[in-house]
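Asker: show me how the following folds:
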Amino acid sequence: MNSVCRLIIISVIVFSGCQVNNQSGAKHETEKDQSIRKAVTLSDNWRFQIDIRNIGEEEGWFRDGFDRNSWGEQTVPQAWDCYETALWGYEGIGWYSTTINPEDFDPGKRTVVEFGRVMFYSKLWINGEYIGENIGGYLPFSFDITKYLKPGQENSLVVRVDNKPRMEWLPGGKQIEWIQYGGILEPVKLTGTTLTYIDDFTVQTDLADGKARLNCIASVVNETGATTEMNLEIEIARGNNVVKKDVRLHYNANDSITARVEIEIDHPELWSPETPVLYTAKARLKNDGSVTDEVCDRIGLRTIRTEGTSILLNGKPIKIKGVNRYDEYGRMGPTVPEETLRAELELMKSVGINTIRVHYPQSPDLISLYDEYGFMMMEEVPLNWWGGDTWGEVQESPDILDFAKPALRKMIRRDKNHPSIVIWSMANESATSTEPGITVVRELIRLAKSLDTTRLVTFVSARDPRKHPAFDEADVVCFNKYNGISRGGRICEHIADIDSFAYKPTAEELTLYRQYYSKPIFMTEFGCQSIKNMHGDVYYTEEFQAAYIEKVWKAIQESEGISGGILWSWADYYHRKYFINYAVYGPYGVVTVDRQLKKGLEALARMYGGSLPQK
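Answerer: Numbering: from 1, shown residues only. All right, here's what the predicted structure looks like:
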């Protein structure tokens, strides 16, 4: 589409006293389900076939009329690792098929199929016709399939998925720490809109003089060949208190407009870990009073910025008390029932955790729970262990930006309205001390800041952050350090060693880094392994882990000007099968992979000022 982008700005003063009921049982999809858009989740009639020999394309498994009735019936979304024990950790090719029924779409509307997360390389066919492909497993992709659908009959949808890692793709190397669960991991949805529709909706918050000023930005697309006019209505609400503002927009044929509406709220109720207040924001297109398109999101009014060596949330200094977390839960993989997640988040909240860090973009439904429970979040581009020679495979080229930049754009576009996300991270433990690495991370930082001015931007180094010059453009300095348990220093064998080999080196290094940088610093990883039901004073016991993390946290707490730390990790996790020699398992958690409690959780509650629930 050849389009022209135009900008319209309107200001409106909004009354104070809006309220939203923030009940723990509310679902993020509730408002969206009431939208004028036709939305269908393709959850039934899925079939799956493994393709170990990679013969499916050659034999035409995608063709219209090809017999797929013998393929296994499977649940979508769900990692194929969970279908059968024999598929656990499978890296290869699998095929999916389902049916789009006539009632699933309106022939008079534009129909888009959206995949939330497919791991990792996908190809798509409808009725045997090739639609397109997507490289990247952590973020959504979509196709306009209007012209491929046949009204009044069943339409076949076939997807080929390949989750074999490649060095030139993200995370940036063959050696990957976590399991890249295969298959379709989030819902597949059909969305029907008119040919004039809202393509994107952003709400940004600024606080000043006891007021919240909201910058509401709606991108509207007209794909018709005709000139038209419509009203754009913006609505901000809490509970029964609602404000609406109509703006008249004029579209030329194949025109794209970005409209900004500035809203001011007196005495706003702010989002924070202590008070995770949520508002509802809607954007609607109206033609002669009738709603033709609508998008909706939950938002929180809050700001995050730095001042000197402090991180300020809503203008007040905060201390990061965090955990790293993978989105897997036992043998369920990354597809976990909501009630299970809620129980876990309530436990995390009770022990005093206020921040969650992840190595790759998360499910938007999970992030919505973080919004609701009041967790701050550090979301990361999945650029991990790229470059360097740690694993004997060196491939360091700025060409990785061909994949990292689109991932960053998608992550910010999708997640920018979530109040829980306060930091965008560009990479983890990558070769960002070399010239190619410096170039890559600087370009990503600059791109992130151009896309979103309302959050902090950084990346994470391994060990000494002073060797990574691009921190001069980051808002905060983040580094991982495992004194006493990893290479580069004396190793702790017993609890008595922790003071000398972990606590003291950590305290000394934090002092050096604080003197070197005049901006906020915090540790994004610290911790050690423990195996449940192993006891004593030696490494890998529950008692050793509890003593170790408390000592390192003590060093963080006592270091003036350090903004906190993030424990590695909340839960044990499964390693990719080629990662480690002794087991395909990372026992760094204070709970096990299926969430049994360890003694380290008691230590974490003491560290973070929380408590464990009464048994």
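
Asker: any idea how far residue 332 is from residue 181?
Answerer: 10 Å (Cβ to Cβ, to the nearest Å). From N, CA and C alone the C-beta is placed, and that goes for glycine too.

Asker: how about residue 208?
Answerer: Counting by Cβ to Cβ - residue 208 and residue 332 are separated by 45 Å.

Asker: for the stretch 501-615 of the chain, what are the low-confidence residue spans?
Answerer: The stretch 501-615 of the chain contains residues with pLDDT under 70 at 578-583, 615.

Asker: swap in the stretch 351-500 of the chain?
Answerer: For the stretch 351-500 of the chain, residues meeting the criterion pLDDT under 70 lie at 388-395.

Asker: try 80
Answerer: Flagging of the stretch 351-500 of the chain using pLDDT under 80 yields the residue ranges 388-396, 487-489.

Asker: which stretches of it form strands?
Answerer: Ranges of strands within the stretch 351-500 of the chain are 355-357, 376-380, 421-428, 456-462, 477-480, based on DSSP state E, counting those that start in this stretch.

Asker: save those as a markdown table, and put in mean neighbour count and distance to residue 491 too.
Answerer: Output for these, formatted as a markdown table (neighbours: other Cβ atoms under 10 Å; distance: least, Cβ to Cβ, whole Å):
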| stretch | mean neighbour count | distance to residue 491 |
| --- | --- | --- |
| strand 355-357 | 26 | 26 |
| strand 376-380 | 25 | 29 |
| strand 421-428 | 26 | 23 |
| strand 456-462 | 25 | 17 |
| strand 477-480 | 25 | 17 |
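
Asker: how about JSON lines for those strands, with distance to residue 100 added?
Answerer: Shown next, in JSON lines, are those (distance: least, Cβ to Cβ, whole Å):
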{"stretch": "strand 355-357", "distance to residue 100": "36"}
{"stretch": "strand 376-380", "distance to residue 100": "32"}
{"stretch": "strand 421-428", "distance to residue 100": "33"}
{"stretch": "strand 456-462", "distance to residue 100": "40"}
{"stretch": "strand 477-480", "distance to residue 100": "45"}
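
Asker: any idea how far the spatially closest residue to residue 330 that is not a sequence neighbour lies from residue 587?
Answerer: Spatial nearest neighbour of residue 330, excluding adjacent residues (Cβ to Cβ, 6 or more residues apart in numbering): residue 594 at 3.8 Å. Taking Cβ to Cβ as the measure, residue 594 falls 13 Å from residue 587.

Asker: between those two, which is the more surrounded one?
Answerer: Remark: of residue 594 and residue 587, residue 587 carries more neighbours, 20 against 11, as counted by other Cβ atoms under 10 Å.

Asker: identify the residues contacting that one.
Answerer: Residues near residue 587 by Cβ atoms under 8 Å, 6 or more residues apart in numbering: 529-532, 540, 572.

Asker: could you rerun that using 10 Å?
Answerer: 528-532, 534, 540, 545, 569, 571-573, 593, 598 (Cβ atoms under 10 Å, 6 or more residues apart in numbering).

Asker: residue 606 too?
Answerer: Here residue 606 is in contact with 351-352, 546, 549-550, 553, 612 (Cβ under 10 Å, 6+ apart).

Asker: most surrounded residue in these?
Answerer: Per-residue neighbour counts (other Cβ under 10 Å) across the contacts of residue 606 peak at residue 549, which has 26 neighbours.

Asker: am I right that that residue is in a helix?
Answerer: Yes: counting by DSSP: H, G, I helix; E, B strand; the rest coil, one finds residue 549 located in a helix.

Asker: ok, it - contacts?
Answerer: Taking Cβ under 10 Å, 6+ apart, we find residue 549 in contact with 498, 502, 526-528, 530, 565, 567-568, 588, 590, 600, 603-604, 606-607.

Asker: just the closest of the residues you listed to residue 116, please.
Answerer: Closest approach between those and residue 116, by Cβ to Cβ: residue 568, at 26.8 Å.

Asker: circling back: between residue 594 and residue 587, what contacts are shared?
Answerer: Residues touching both residue 594 and residue 587 (Cβ under 10 Å, 6+ apart): 571-572.

Asker: that older thread, nearest to residue 235, of the contacts of residue 606?
Answerer: residue 352 (36.3 Å).

Asker: buried sites along the helix or strand residue 339 falls within?
Answerer: For residue 339, the host element (DSSP states H and E) is helix 338-350. Across helix 338-350, burial judged by 16 or more other Cβ atoms under 10 Å covers 341, 344-345, 347-349.

Asker: could you list the residues in contact with it?
Answerer: Residues outside helix 338-350 that contact it (Cβ under 10 Å, 6+ apart): 24-25, 27, 273, 276, 323, 325, 327, 329-330, 332, 336-337, 353-354, 356, 363, 365-366, 369-370, 372-375, 570-571, 591, 595, 597, 601, 604-605, 608, 610-613.

Asker: tell me the domain ranges of this protein?
Answerer: Here the domain assignment for the chain is 5-12+194-299, 43-186, 315-608, based on automatic domain parsing.

Asker: of the ones you listed, flag the one that's most buried.
Answerer: Of these, the one with the most neighbours on average (mean count of other Cβ atoms under 10 Å) is domain 315-608, at a mean of 20.

Asker: for that domain, measure first residue to last.
Answerer: 22 Å (Cα to Cα, to the nearest Å).

Asker: cool, and stretch 104-114?
Answerer: Terminal residues of stretch 104-114 lie 14 Å apart, using Cα to Cα.

Asker: at which residues are the strands of the stretch 501-615 of the chain located?
Answerer: Under DSSP E, counting those that start in this stretch, the stretch 501-615 of the chain gives strands at 521-526, 562-567.

Asker: adjacent strands (with direction) for the first one?
Answerer: The sheet places strand 521-526 alongside strand 477-480 (parallel), strand 562-567 (parallel), with pairing taken from DSSP bridges.

Asker: quick check, residue 200 in a strand?
Answerer: Yes: under three-state DSSP, residue 200 sits within a strand.

Asker: distance check, the nearest residue to it once chain neighbours are set aside against residue 197.
Answerer: Once flanking residues are discounted, residue 200 sits nearest to residue 219: 4.2 Å by Cβ to Cβ, 6+ apart. According to Cβ to Cβ, residue 219 and residue 197 sit 10 Å apart.

Asker: pLDDT of stretch 302-312, averaged?
Answerer: For stretch 302-312, the mean pLDDT works out to 97.

Asker: buried ones in that stretch?
Answerer: 302-304, 309, 311.

Asker: what's the closest of the residues you listed to residue 295?
Answerer: Out of these, the member with the shortest distance to residue 295 (by Cβ to Cβ) is residue 302, at 21.3 Å.

Asker: show the contacting residues for the closest one.
Answerer: Residue 302 neighbours (Cβ under 10 Å, 6+ apart): 205, 207, 212, 268, 270-272, 275-277, 313-315, 376, 419-420, 422, 454.
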